[in-house]
Each structure stands twice: as C-alpha cells, then as structure tokens.
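Undergrad: next come a sequence and a model predicted from it.
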Amino acid sequence: MGKIEINNFTIADLEQAIKNVLNENIFNNVLDNIRQEESLNMYSREATADMLCVSLPTLNEWTKQGIIRAFRIGGRVLYKLEDINNSLKEVKTSIKRGGKSC
C-alpha cells in the first residue's frame, strides 16, 4: 500500500480538497445514471412499431402527423418510452370485437 504524505496543508485545505473530489465523483455518478436511464428508455422504430402493434409505415405517418414524437440522431429515429405512453389514449368500449390481437 502506498504512503500518504501531507505537507503544508491546513485542515481547511484538506477538507476543501476532499469536498472537491467527492463533489466531482457524485456529479459524474449522477450524470452517468441519467445517461443510462435515457438510453434505456429510447426505442428504435422497429421496437416502437412492435410495441404498438403497427407497421413501420403507420408509425411513420403517426410521427409526421404529430401523434407520437420522435427524435433523430444521425440517420436513426428513436422514440422515448414516455412519448410512446403519452401518445396512447384510452378508449372505453363495452363490446369486444374480432380482429388481430397482439
């Protein structure tokens, strides 16, 4: 284990140095957590279409019409989980009809 040498440091200087290191580490950890959460809640066009049980052309039309928000980075189009959930509207029906089920 290495030696620690402290020369010409006052207690206040040492406390400030420790606070700076802790603040930097905490800030970096929080920033990393935010980035991870954002990246985990972003979905590709294909994943979003599968989630909503629609085709890619339908999802594209909904995006153009402003029904669902999309984000572009480079050539990729991504959808936030929050925006996917916000685009859904509740429909109250009392009759179950046939058709394709996901």
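TA: Great, that's in hand.
Undergrad: drop to CA atoms for contacts and neighbour counts, all remaining ones
TA: Noted.
Undergrad: pull the longest helix from the chain.
TA: Among the segments of the chain that qualify as a helix by DSSP state H, the longest is helix 11-40.
Undergrad: identify each buried residue in the next helix or strand after it, please.
TA: Where DSSP states H and E defines the elements, the next helix or strand beyond helix 11-40 is strand 42-44. Across strand 42-44, burial judged by 16 or more other Cα atoms under 10 Å covers Met42, Tyr43.
Undergrad: the following helix or strand past strand 42-44: how far from the chain's middle?
TA: Per DSSP H and E, the first helix or strand lying C-terminal to strand 42-44 is helix 45-52. Its chain's average C-alpha position is 16 Å from that of helix 45-52, according to Cα atoms, centre = their mean, to the nearest Å.
Undergrad: what packs against helix 45-52?
TA: Secondary-structure packing of helix 45-52 (3 or more Cα pairs under 8 Å, 6 or more residues apart in numbering; DSSP states H and E): helix 56-65, strand 76-80.
Undergrad: out of the ones you listed, nearest to Ile11?
TA: Across these, Ile11 has its closest neighbour in strand 76-80 (48.2 Å, Cα to Cα).
Undergrad: buried ones in that closest one?
TA: By 16+ other Cα under 10 Å, the buried positions in strand 76-80 come out as Leu78, Tyr79, Lys80.
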